[in-house]
Structure formats: C-alpha cells, structure tokens
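Novice: starting from these lines, generate the structure:
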Amino acid sequence: MFRKFRTVLAAAAFIVATYAAAAEMSGAHPDTYVVKRGDTLWDISAKFLKKPWLWPEIWQANPQIKNPHLIYPGDVISLAYLDRVALQPGPRQEAPIGAIPLADIEPFLKNLRVTDSFEQLPRVVGLEEDRLRSSGGQLIYTVGLEGAQVGQRFAVVRPTLRYTHTRFVSNGRYATYKEDLDFRGKRLGSQTIDWERNWNSAALDTGPQLELLGYELAQISVGTLTRGVVPGSDASTLALEGNGHEVRVGDRLIPVEAQPYDLQFFPHVPKVLQPEGKLQIAAVANALTSGGPRDVVAISGGSREGIDNGTVFSIWRQGSHVIDRLHDPEDSRTTETRPNSRTKAGSSDRVLPDEYAGHVMVFRTFEKVSYGLVMEGTKPARVGYALKHPDATY
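Specialist: So this is what the prediction gives:
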C-alpha cells in the first residue's frame with residue numbers, strides 16, 4: 001500500500017513539474033526542429049522555452065540511443081507527451097553540437113586554468129643560446145622534471161591574475177579583488193569592487209575575512225621533453241612547438257592533459273543556493289571592467305559552491321547606497337553643495353533596488369573559480385556585479 005502511494009506521489013510530482021515547465025514554453029515554439037550544423041543547445045532550448053535553462057525539465061532522454069544526451073546535426077527534436085521533447089536520431093555523421101559556441105570559448109578552454117598555487121611547479125631556468133625570449137622550434141631548459149619521460153608534452157604557463165574574496169564581518173557583505181601579476185607572479189595592483197561603494201571602506205573593514213580563490217595561469221606555449229638531466233647539468237631540455245607565444249625565464253610548466261574540458265552539458269539552474277552577494281563577476285576577459293553577450297567572465301565560485309558546467313545565473317547590478325539629500329539630519333548644507341557620500345552610515349541613507357543586466361552560463365569550473373559566457377543581456381555586465389538564480393526578479 002505504502003509503495004503504491006509513493007508511486008502515485010512521484011507521478012503527481014512529475015506531472016506538476018512538467019506542467020510548470022510547459023508554462024514556460026515559448027509562444028512560437030515549433031512542433032519539430034531539425035538540428036543543423038552550427039546550432040548550440042542554448043539556441044535550440046530557446047526555440048522551445050522562454051527560459052533555456054529549464055531544458056532538463058522537458059528533455060526526454062531516449063534510452064534506445066547509445067548516448068541519449070548527445071544531439072547531432074540531422075537529429076529531429078519534437079514535442080512529446082505533456083510538452084516534453086524527444087529525439088529521433090539522424091545520420092550522425094558529424095560531431096555532436098555543444099551547449100554554447102565553441103569559437104567563443106575555445107581559447108579559454110585550452111589556454112587558461114586556475115590553481116591554488118604555482119610556486120612549486122617546474123620552471124624555465126634558461127633559453128637556447130642564452131636568449132631573452134624563445135619561440136617555436138627553439139630549446140628551453142627547465143628544473144623540476146626529473147621524473148618525466150622523453151617525449152612527454154608540457155604546457156608552458158604564466159601566472160597573470162590573482163583572485164581573492166573578502167567577507168566583511170561587520171555587515172556580511174562581500175567584495176571581489178582581482179590583482180594583475182607580472183611574469184614572475186608578483187602582484188602589480190588590484191581592482192576592488194566594494195559593495196558599499198559610497199561609504200568609507202575603512203569604516204566597513206572591521207575584521208574582514210580574506211580568502212584566496214586562486215591564480216589564473218595563461219598558456220604561453222607547448223614543449224616536448226627531448227632530454228632529461230645529463231651528467232654535469234642541472235636542467236632538462238624541451239623543444240618548443242611553433243604555435244605559441246614567446247617563452248621567458250621564470251615561466252612554469254604543467255603536463256598537457258589529454259581531455260582537459262567537456263562541452264557536453266545542458267543549461268540548468270544552480271544546484272546549490274549561495275548567500276546573497278557571494279557570487280560575483282571577478283573579471284571580464286579582454287576588457288577592463290565590462291562586457292556583453294558572447295564575452296567570457298570569471299566567476300568568484302566553483303565546484304566547491306556546487307557550480308558545474310551548464311549552470312546558469314542571472315547578472316545583477318547591486319543597488320547603490322545613496323544619501324536622501326532632502327531628509328538628512330546630519331547635514332544642513334544645500335543639495336547642490338552636499339557630497340554624495342559620507343564616512344559612515346547615516347539615518348537618511350537609502351538603498352536603491354538591484355538592476356538586472358543579463359544571463360551567464362558556466363562552461364568551465366575549477367574549485368573556487370569558474371568561467372562563463374554571457375548569453376544575453378540588457379546592459380553591460382561589469383566586474384563586481386552579483387550572480388543570482390536565473391529566475392530572480394529582484
């Protein structure tokens with residue numbers, strides 16, 4: 001009896017969830033759609049749904065297909081029972097489609113990674129003929145590869161950014177810090193996004209909790225180990241490949257991974273909710289502070305926060321803290337001469353509402369930092385903007 005009740009309850013829950021997803025169906029959704037070369041899963045999802053991140057709720061996996069989650073050009077996607085979609089396989093002579101455009105993210109998949117530290121990595125100590133820079137076809141000399149095998153390939157990487165996160169104990173707010181590094185990995189400066197932009201940060205900085213999120217390593221080149229340490233020498237020898245940038249003394253090395261990333265994932269809502277304001281845009285690739293659709297951003301959270309590939313967030317500009325100039329008992333100056341900030345909070349301070357900026361989908365995840373692609377937006381996505389559930393309305 002109890003087992004039968006559980007079965008009925010599960011079926012009811014399935015129907016409720018399905019109808020909820022059906023309510024989000026696009027008004028102009030097709031009955032069938034033939035997948036074409038160049039399509040992405042996000043684009044296909046948007047043809048059927050107002051909210052592409054709800055795709056897993058209507059996708060009907062096809063158990064008769066070897067891998068029911070892969071979608072290929074030529075496959076036919078059609079609406080099935082209770083507005084769920086099913087797939088009829090096509091010729092499958094091409095590669096499966098990705099969730100987002102590969103051309104937009106490929107450099108960030110292949111050439112960037114985040115690590116907790118880099119000082120212990122093998123490093124370049126010399127260049128062929130004592131050059132200041134070396135490029136493809138030339139030799140470099142390294143230490144720390146004593147156990148490596150001749151023929152093994154290594155990526156030459158250089159630390160470029162340092163990400164940290166601060167939580168202010170006094171008010172529970174968060175701030176993201178992005179610091180540029182020189183070729184040795186030494187800090188050059190920082191860009192700080194303070195949640196209390198219009199208040200004196202010193203008044204807030206009472207017992208801050210600073211956490212290192214990681215170092216971003218950029219791949220400079222790739223080399224193959226041609227000779228290990230020989231008698232009378234302290235270094236191993238690598239030959240650089242011809243499709244990289246110039247290498248210099250001090251660069252680090254990591255083994256080349258056979259399959260470092262995965263493009264087969266579905267857009268979906270976050271699996272774990274985070275405290276308000278904890279997740280932020282930490283950096284915008286190839287830009288100083290802002291970006292738009294099809295720009296890559298770094299996010300101050302990763303697998304530790306339950307983020308995985310395909311996770312979708314909405315992007316929000318946090319509401320400013322401003323002074324109510326007409327009702328400030330602490331200042332009798334006219335509105336024209338009064339400043340827009342003060343050294344501490346006042347009784348006339350007002351908090352403006354947050355403003356929606358866009359949506360971002362994660363495509364590569366590390367422990368404490370992720371990379372995402374801005375999919376759509378109504379205004380630029382800037383460093384320091386907060387990330388919320390994709391359905392957030394405020």
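
Novice: contacts made by stretch 221-237 with the rest, please.
Specialist: Surrounding stretch 221-237, the residues in contact under the criterion CB atoms under 8 Å, 6 or more residues apart in numbering are 125-126, 135-136, 139-143, 145-146, 148-156, 238-241, 243-247, 253, 256. In this view, the C-beta of every residue, glycine as well, is placed from N, C-alpha and C.

Novice: now that stretch: buried residues?
Specialist: The neighbour-count check on stretch 221-237 (16 or more other CB atoms under 10 Å) flags Ser221, Val222, Gly223, Leu225, Ala235, Ser236, Thr237 as buried.

Novice: from the residues you listed, which two are the most distant?
Specialist: Greatest spacing in those, by CB to CB: Val222 and Ala235 (18.4 Å).

Novice: what about the residue nearest to Arg153 when sequence neighbours are not counted, distance to Glu146?
Specialist: Among residues not flanking Arg153 along the chain, Val256 sits closest, at 4.2 Å (CB to CB, 6 or more residues apart in numbering). Noted for Val256: a distance of 18 Å to Glu146, by CB to CB, to the nearest Å.

Novice: Glu106 too?
Specialist: Distance, Glu106 to Glu146, using CB to CB: 33 Å.

Novice: out of those two, which sits in the more crowded spot?
Specialist: Glu106 (12 against 9; other CB atoms under 10 Å).

Novice: can you classify the more buried one by secondary structure?
Specialist: Assigned with DSSP: H, G, I helix; E, B strand; the rest coil, Glu106 falls in the helix class.

Novice: tell me the confidence at it?
Specialist: Note on Glu106: pLDDT of 86.

Novice: contacting residues for it?
Specialist: Applying CB under 8 Å, 6+ apart, no residues qualify as near Glu106.

Novice: measure it to Leu49 for me?
Specialist: Separation of Glu106 from Leu49 (CB to CB): 26 Å.

Novice: go on, Ile97?
Specialist: 17 Å.

Novice: same deal with Gly151?
Specialist: In terms of CB to CB, Gly151 sits 49 Å off from Leu49.

Novice: more neighbours: those two, which one.
Specialist: Leu49 (22 against 8).

Novice: is the more buried one bridged to anything, and to what?
Specialist: Counting by DSSP bridges, Leu49 is bridged to Met25.

Novice: for the protein, give me the ranges with low pLDDT.
Specialist: For the chain, the stretches with pLDDT under 70 are 1-23, 81-82, 169-172, 189-208, 260, 325, 327-348.

Novice: where do the strands sit along the stretch 201-350 of the chain?
Specialist: Using DSSP state E, counting those that start in this stretch, the strands of the stretch 201-350 of the chain run over 209-227, 236-240, 252-255, 281-284, 290-291, 296-299, 312-317, 321-323, 349-351.

Novice: enumerate every residue touching Ala386.
Specialist: Counted by CB under 8 Å, 6+ apart, Ala386 has contacts Glu276, Gly277, Leu279, Gln280, Ile315, Trp316, Arg317, Gln318, Asp354.

Novice: correct me, but the second one touches Gln318?
Specialist: Yes. Under the contact definition of CB atoms under 8 Å, Gly277 touches Gln318, with a separation of 7.2 Å.

Novice: which stretches of this structure form helices?
Specialist: Using DSSP state H, the helices of the chain run over 2-22, 41-48, 55-58, 102-111, 201-204.

Novice: buried set for the third one?
Specialist: Buried residues in helix 55-58, counted by 16+ other CB under 10 Å: Trp55, Glu57, Ile58.

Novice: which helices and strands sit right next to it?
Specialist: Where contact means 3 or more CB pairs under 8 Å, 6 or more residues apart in numbering; DSSP states H and E, helix 55-58 is packed against helix 2-22, helix 41-48.

Novice: for that helix, C-alpha coordinates in CSV please.
Specialist: Provided in CSV are the C-alpha atoms of helix 55-58 (Å, rounded to 0.1, in the frame of the first residue of the first chain):
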residue,chain,number,x,y,z
TRP,A,55,15.7,22.5,-20.8
PRO,A,56,16.5,19.5,-18.5
GLU,A,57,12.9,19.6,-17.2
ILE,A,58,11.4,19.0,-20.7
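
Novice: dump the residue contacts of Val256.
Specialist: By CB under 8 Å, 6+ apart, the neighbours of Val256 are Arg153, Phe154, Ala155, Val222.

Novice: and the contacts of stretch 123-141?
Specialist: 142-144, 156, 221, 223, 226, 234-253.

Novice: measure that stretch end to end?
Specialist: Distance between the two ends of stretch 123-141: 9 Å, counting by CA to CA, to the nearest Å.
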